[in-house]
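Q: heads up, no residue letters with this:
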């Protein structure tokens, strides 16, 4: 008899592990609520029209797509099937996908309910997300995200409040040594402009985000394949701004 298994990149959590996870998650939620963030949940699946184009070309490839119910091939003509192109066939057989993160569903929720929301709107969300990535140590296809966002204001006080909230969460959890990295889209956009990224801006951002994990050499090769200037890449990959991808570090 074959032993049952679970899909690669997923995990079971027994009672002992769940007790620890729930303690951590409840501690995080408590701090979110102290700072005035309201809970929100969105469906595990979203329309692919909502998800695609938000994460760049590479992110779109990591979306888990859900086959349409029933005979999902009934609307696919033989001419399309003969081409054997997954993208063309995919548009006929799949209209939904599992959420890749919590940010895009949040933006979709706000767009749908903007007349019922009081701005600035502070929400927190703790739910699983799914990515069709290659499973490896510390990298799973199903994992939880804990998000807290403020929308409807450009006040920097909200940004400062989020930093204080993160520090409070780490203190509650007994974590003493950590770094808080503050992303700034304007810095990345300035780098993209200098490198003449144009329509390849999102690809540039995704590649820069891999610097710490993949290293300068691999990121440089990836960008050169997309015809980024070799001379400019050499200069900017050595700069302190790009070495710390669009981030200011706050060390506890």
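A: Looks like it came in fine. All figures in this text were calculated on a predicted structure; none of them were measured in a lab.

Q: pLDDT weak spots in the stretch 101-250 of the chain?
A: Residues of the stretch 101-250 of the chain meeting the criterion pLDDT under 70: 235-250.

Q: quick one: the strands in it, in order.
A: Under the criterion DSSP state E, counting those that start in this stretch, the stretch 101-250 of the chain contains strands at 121-130, 142-151, 179-183, 247-251.

Q: and those, which is most packed in?
A: When those are scored by mean count of other C-beta atoms under 10 Å, the highest mean neighbour count falls to strand 121-130 (a mean of 19). (Each C-beta comes from the backbone N, C-alpha and C, glycine too.)

Q: if we can go back for a sec, for the strands of the stretch 101-250 of the chain, which one sits closest to residue 170?
A: Closest to residue 170 of the strands of the stretch 101-250 of the chain is strand 179-183 (C-beta to C-beta; 8.9 Å).

Q: give the pairing partners of that closest one; include direction for each.
A: Strand 179-183 has the following strand partners under DSSP bridges: strand 247-251 (antiparallel).

Q: which strand residues bridge residue 179?
A: Applying DSSP bridges to residue 179 gives these bridge partners: residue 251.

Q: now swap in residue 147 and tell me
A: residue 125.

Q: next one: the one 4 residues further on
A: The residues listed as beta-bridge partners of residue 151 by DSSP bridges are residue 121.

Q: skip the chain neighbours and tell me the closest residue to residue 105.
A: By the measure of C-beta to C-beta, 6 or more residues apart in numbering, the closest residue to residue 105 outside its immediate chain neighbours is residue 42, 3.9 Å from it.

Q: now the helices: where do they sit in the stretch 151-252 of the chain?
A: For the stretch 151-252 of the chain, the helices defined by DSSP state H, counting those that start in this stretch cover 156-173, 185-194, 201-208, 211-214, 216-225, 230-237, 240-243.

Q: that concludes my questions; thank you for your assistance.
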